[in-house]
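K.L.:
just the structure for this:
(chains A and B)
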Protein chains: 2
Amino acid sequence: PERSWGEVLEAASEAKKLGEDDPRRIVHSFKVGLALTLVSLFYYCRPLYDGFGVDAMWAVLTVIVVFEFSVGATLGKGINMMLATLLAVALAVGVHHISTLWGGEVGEPILIAFFVFVVAASVTFMRFFPALKARYDYGMLIFILTFCLVSVSGYRETQVLDMAHKRLSTIAIGSCTPIMVCICICPVWIGVDLHNLVAGNMEKLGDFMEGFGFEYFDIKENGLSLSDNQYFLQQYKSVLSSKSLEETMANLARWEPGHGGFKFGHPWQKYLNVGSQTRQCAYKIEALNTYLNTDIQVPTEIRSKIQEPCIDICTESGKALKELAAALKKMIRSSSADSHIACSKAAVESLKLSLKRGIWKDANLLETIPSAAVASLLIEVVACVEKIAEAVHE
Amino acid sequence: PERSWGEVLEAASEAKKLGEDDPRRIVHSFKVGLALTLVSLFYYCRPLYDGFGVDAMWAVLTVIVVFEFSVGATLGKGINMMLATLLAVALAVGVHHISTLWGGEVGEPILIAFFVFVVAASVTFMRFFPALKARYDYGMLIFILTFCLVSVSGYRETQVLDMAHKRLSTIAIGSCTPIMVCICICPVWIGVDLHNLVAGNMEKLGDFMEGFGFEYFDIKENGLSLSDNQYFLQQYKSVLSSKSLEETMANLARWEPGHGGFKFGHPWQKYLNVGSQTRQCAYKIEALNTYLNTDIQVPTEIRSKIQEPCIDICTESGKALKELAAALKKMIRSSSADSHIACSKAAVESLKLSLKRGIWKDANLLETIPSAAVASLLIEVVACVEKIAEAVHE
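P.N.:
As a prediction, the model looks like this:
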C-alpha cells in the first residue's frame, strides 16, 4: 500500500506540473465538461428529447470526438464532420432509393451490401492520398461511417428521410457546440502556437550561438556556471526534430478564422519555410556541438589565434537570430537584425583574413583540424542565418 | 470540362502510383470493405437483428473506427476500445444507481450532469499525461464517450443493465471482427515495417557515404552519371526527420503478438536507440553534404593530398553501414561489418598520419579549411558508425 500511495503522489505532482506548464490544459478540460453538459440537456429537457429521441446520442458523440485542444483542430474536425455527414447521408438516401426500387425482397440486402463494400473500400483507399489525408482524413472516416450506418439501417427503417434529417441536425448541433465553446471561452489558437514555436526555435539557436563562443574558448564571465550554460547548449536539440510538429500545426492553422494580428488565410506555409531554414541551421549547430565534447583536445594557443573573430561571429549571429525571432514575434521588419548580420559577416571576413595570413604555420596540422572545422562551420552558420533572415522578411 | 478531365486522369495516375508503391494499400481497402460487410450481417439476418436491434449500429461504428492499416494499430485501438467500454459501462451503471437512489425526480438529472462534467473534465486532463497518451489516448476518449452516453441515456431508459450488456457485446463483436480480418488476411505487421525502416535508413546513409567519396573527389567511374549520384546523395534527407515516425511505430508495435522472427515483447525500444544513433550520423552527413555544393572551391591539388585515406574512409564506412543494415535485417551478428569498421579506423589513422606530416604546409590556409572540415567530419562519421554497430549488436 505504501508503494501505491507513493505512485498516487507522483501522479498528482505530475498533474500539477502539467497544469503549471500550460494552464490552458486545465481550462480545456473544463471546456470539454461544459460542452458535454450543454448537449446532454437534450436528454434532460422533455421538449428537446421529444424532438430527437435517442438520436440525441449523436450530438453527445459528436461533441466528444470533435472537441480538440486548439481552435484550428476543432474547426477542422467540426467542418469535416458536417460536410462528410451531409454528403454521406445524401449518397446513402440515393442508394436506399435505388436498392428498394430495383432490388426486391431478396435483392435489396445484396445490393446494399455491394454498395457498402464498394464505397468503404474506395474511400479507404482515398485516405492514402497525401493531399487528401492532410486535410480531410477525418472527414473521409466519418463519410464511410455515416454512409454505412444510414444505408444499412435503412434496410430496417421505413422512414429513411426522417432518420437522415434527424442525423444531420444532431450532428450539426454536436459540431457547433464545441466550436462555439472552443472559440468563445479562452480560445487556443494553434496559429499563435505555431508562430511562437517557430520564433522560439530561432531564439534557442540564438542562445546556443551566444553561449557557444564563450564555452568553446573557455571564457567564464557574468558568473555563469557551466551547468547554466549546459542547459542553454542543450535546448536547441528539440529544433532538430520539429518538422512533423510544424507541418501538423500549419495544416490545422489553415482552418482558423482571423484572430489577433492574423487574418484568415495568413500565409502559414511561409512559417514552414522559416522553420526548415531554422532546422538547416540547427543541423550545423549539432555539428558544432560535437566539438564542445570532443575527445581530441586542441591546445589553447591554437584556439586563441582565432578566438576574437570567432567569438564575434558567435555573439553577432546569436544576437541576429534573437532579433529575427523578436521581429517575427512582433511581425515587424527589424533593422537591427540586419546590422547584426552585417557585423557577423565582417567578423567572417576578418576570420578569413587571419586564416589567409597563415596563423597556424608552425602548428601540428592534425591539432588545427578541429579548430579549422569549427571556423568553417561558423562561416556556414552565418550563411544560414542570412537565409533565415530572408525567409523571415517574406 | 477539359481541365477537369485532366484532373481526373491525374488523380487516377496518382492512385495507380500509390497502389504500385505499396500493394498492401489496395488489400487494406478490400479488408475494410469485407469487415464492414461481415458486421452488417447483423442488420440483414432477421435472427441476429432481433437480438440486438438498433444497437447493432455500435458494431458497425466500432469496425470503422478500429480498423487501421497495421495489425499493431488495429489491436491497440481494439483493446483500448473494449477495455474502455467495460470500465465506462461499469462506472456509468454505478452512477445511474447512485443518482436514482439519492436524487429523486429533480435531483437525478443534476447529479448525472455533475458526474458527467467531473468525469469528462478529469479524463480529458488525463489525456495530457505523455505516458498515458502514448498508449491509451484512444481508450480515454472512448471512456468519456461511453460513460456519457450510458449515464445520460440512462435517465430516459429503464433497462440500464440490459442496455449496458448490449453495448458491451456489440462493441466486443465490432472490435474483434477487424482484429480477426486484419490478422488473418495478409497482415501488415508494423513491427516488420519498423525493422525495415531502421535498416533502410542505415542503408541510405551507407549509399551516401559510398557515393560521397567519389563525388567529392570528382571521380567518375562505373559509368555513373552525376544525376544518378545526386539521387543517392539526396536519399539520406528523410532520415533527418524520422524521429516521430519511429516513435509512433515502436509504440504500436508493442501491441502486436509474435509473428515471423519476432516474439511478443520484442525489444522495440532498442530500435529507437539504433534509430537515434543513425540520426546522429545523418546530422554529420548533412554537414558533409554542404561541402559538396559549397561556393568555396578547394583547389584539386589540396584535396588530392587527402584523397586516398578519405575515399577509403567513405567506402569502408559505407560498406560497414550496409553490412550492419543487412545484419539487422537478418537479425544476425555480422563479422564483416566489424572488419569494415576496422578498415575505416585504419584509414582514419593513416589520414591523421598524413595530416601530422603537414601535407598542406605551403598551401593557403583559407583554402585548406573546407578540406580540413571534411576530414574532421569523416573522422566523426566513423565514430558514429561504431556507435551504431554497438546499438545494433544489442
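K.L.:
going forward, measure contacts between C-alpha atoms and count neighbours the same way
P.N.:
Will do.
K.L.:
shouldn't residue A:177 be in contact with residue A:63?
P.N.:
Yes. Residue A:177 lies in contact with residue A:63 (CA atoms under 8 Å); the separation is 7.1 Å.
K.L.:
what residues are shared contacts of the two?
P.N.:
Common neighbours of residue A:177 and residue A:63, using CA atoms under 8 Å, 6 or more residues apart in numbering or on different chains, are A:35, A:39.
K.L.:
who's more crowded, the two?
P.N.:
More crowded of residue A:177 and residue A:63, by other CA atoms under 10 Å in any protein chain shown: residue A:63, with 26 against 23.
K.L.:
correct me, but residue A:199 touches residue A:326?
P.N.:
Yes. Residue A:199 lies in contact with residue A:326 (CA under 8 Å); the separation is 7.2 Å.
K.L.:
compare the two (neighbour count), which wins?
P.N.:
Applying other CA under 10 Å to residue A:199 and residue A:326 shows that residue A:199 carries more neighbours, namely 26 against 20.
K.L.:
you'd agree residue A:68 is in a strand?
P.N.:
No. Checked against DSSP: H, G, I helix; E, B strand; the rest coil, residue A:68 lies outside a strand; its state is coil.
K.L.:
phi first, then psi, for it.
P.N.:
Residue A:68 adopts backbone torsions of phi -120, psi 170, taken as degrees, to the nearest 10.
K.L.:
ok, it - contacts?
P.N.:
residue A:74.
K.L.:
could you do residue A:73 as well?
P.N.:
Here residue A:73 is in contact with A:190, A:252, A:253, A:255 (criterion: CA under 8 Å, 6+ apart).
K.L.:
burial count for the last one?
P.N.:
Neighbour count for residue A:255, taken as other CA under 10 Å: 21.
K.L.:
SS state for it?
P.N.:
Reduced to three states by three-state DSSP, residue A:255 is coil.
K.L.:
tell me the phi and psi of it?
P.N.:
phi -80, psi -20.
K.L.:
tell me which helix or strand the nearest residue to it once chain neighbours are set aside sits in.
P.N.:
Excluding the flanking residues, the one nearest residue A:255 by CA to CA, 6 or more residues apart in numbering or on different chains is residue A:72, at 5.2 Å. In this assignment (DSSP states H and E), residue A:72 forms part of helix A:71-126.
K.L.:
following that helix, which helix or strand shows up next?
P.N.:
Sequence order places helix A:130-153 as the next helix or strand after helix A:71-126, per DSSP H and E.
K.L.:
can you name every helix or strand that the helix or strand just after that next one contacts?
P.N.:
Following helix A:130-153 in sequence order, the next helix or strand is helix A:160-184 (DSSP H and E). Contact analysis of helix A:160-184 by 3 or more CA pairs under 8 Å, 6 or more residues apart in numbering or on different chains; DSSP states H and E lists helix A:24-39, helix A:56-66, helix A:71-126 as its packing neighbours.
K.L.:
which of those is buried the deepest?
P.N.:
Of the helices and strands packed on helix A:160-184, the one with the most neighbours on average (mean count of other CA atoms under 10 Å in any protein chain shown) is helix A:56-66, at a mean of 24.
K.L.:
pLDDT averaged over that one - what is it?
P.N.:
For helix A:56-66, the mean per-residue pLDDT is 89.
K.L.:
same deal with stretch A:15-33?
P.N.:
90.
K.L.:
ends of that stretch, how far apart?
P.N.:
18 Å (CA to CA, to the nearest Å).
K.L.:
how about residues contacting that stretch?
P.N.:
Stretch A:15-33 has contacts (CA under 8 Å, 6+ apart) with A:64, A:67, A:69, A:178, A:181-182, A:185-186, A:188, B:116-122, B:124-125, B:128-129.
K.L.:
which member of the contacts of residue A:73 is positioned nearest chain B?
P.N.:
residue A:190 (16.5 Å; CA to the nearest CA).
K.L.:
if I look at the residue nearest to residue A:255, how far off is residue A:111?
P.N.:
Noted for residue A:72: a distance of 40 Å to residue A:111, by CA to CA.
K.L.:
can you list contacts of stretch A:130-142?
P.N.:
Contacts to stretch A:130-142, defined as CA under 8 Å, 6+ apart, come from residues A:76-77, A:80-81, A:83-85, A:123-124, A:126-127, A:251, B:64-65.
K.L.:
need the worst-confidence member of those.
P.N.:
The lowest pLDDT within these belongs to residue A:251, with 87.
K.L.:
which SSE is that residue in?
P.N.:
In the assignment (DSSP H and E), residue A:251 maps to helix A:243-253.
K.L.:
just the buried positions in whichever helix or strand comes after that helix, please.
P.N.:
Per DSSP H and E, the first helix or strand lying C-terminal to helix A:243-253 is helix A:268-290. Using 16 or more other CA atoms under 10 Å in any protein chain shown as the test for burial, helix A:268-290 gives A:268, A:271-272, A:274-289.
K.L.:
restrict the residues you listed to contacts with chain B.
P.N.:
With the criterion set as CA under 8 Å from any CA of the partner chain, the members of these near chain B are A:283, A:284, A:286, A:287.
K.L.:
now name the helix or strand holding residue A:318.
P.N.:
helix A:307-330.
K.L.:
what's the average pLDDT for that helix?
P.N.:
Averaging pLDDT along helix A:307-330 gives 84.
K.L.:
which other helices and strands contact it?
P.N.:
Counting by 3+ CA pairs under 8 Å, 6+ apart, helix A:307-330 packs on helix A:190-216, helix A:335-356, helix A:365-393.
K.L.:
what sits up against that helix?
P.N.:
A:195-196, A:199-200, A:202-203, A:205-214, A:217, A:333-334, A:336-338, A:340-341, A:343-345, A:347-348, A:350-351, A:375, A:378, A:382, A:385, A:389, A:392.
K.L.:
are any of those buried, and if so which?
P.N.:
By neighbour count, with 16+ other CA under 10 Å, these hold A:195-196, A:199-200, A:202-203, A:205-214, A:217, A:333-334, A:337-338, A:340-341, A:343-345, A:347-348, A:350-351, A:375, A:378, A:382, A:385, A:389, A:392 as buried.
K.L.:
number of residues surrounding residue A:263?
P.N.:
If you count neighbours by other CA under 10 Å, residue A:263 ends up with 11.
K.L.:
correct me if wrong: it contacts residue A:254.
P.N.:
No. Checked against CA under 8 Å, the pair residue A:263 and residue A:254 is beyond contact range at 10.4 Å.
K.L.:
can you tell me which two in the contacts of residue A:73 are farthest apart?
P.N.:
A:190 and A:255 (9.7 Å; CA to CA).
K.L.:
identify the contacts common to the two.
P.N.:
Counting by CA under 8 Å, 6+ apart, the shared contacts of residue A:190 and residue A:255 are A:72, A:73.
K.L.:
turn the ones next to chain B among the buried residues of helix A:268-290 into TSV, including distance to residue B:156 and pLDDT.
P.N.:
Output for these, formatted as TSV (distance: CA to CA, whole Å; pLDDT from 0 to 100):
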residue	distance to residue B:156	pLDDT
A:283	61	85
A:284	64	83
A:286	62	82
A:287	65	80
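K.L.:
possible to save the residues you listed as a markdown table with distance to residue A:96?
P.N.:
Converted to a markdown table, these look like this (distance: CA to CA, whole Å):
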| residue | distance to residue A:96 |
| --- | --- |
| A:283 | 58 |
| A:284 | 61 |
| A:286 | 61 |
| A:287 | 63 |
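K.L.:
for residue B:215, see how far away the closest residue to chain B within the stretch 251-394 of chain A is.
P.N.:
Proximity of the stretch 251-394 of chain A to chain B (CA to the nearest CA) peaks at residue A:373, 4.2 Å away. Noted for residue A:373: a distance of 20 Å to residue B:215, by CA to CA.
K.L.:
what of residue A:86?
P.N.:
57 Å.
K.L.:
identify the residues contacting the spatially closest residue to residue A:370 that is not a sequence neighbour.
P.N.:
Using CA to CA, 6+ apart and skipping residues adjacent in sequence, the residue nearest residue A:370 is residue B:376, 6.5 Å away. Residue B:376 sits next to A:369, A:370, A:373 when contact means CA under 8 Å, 6+ apart.
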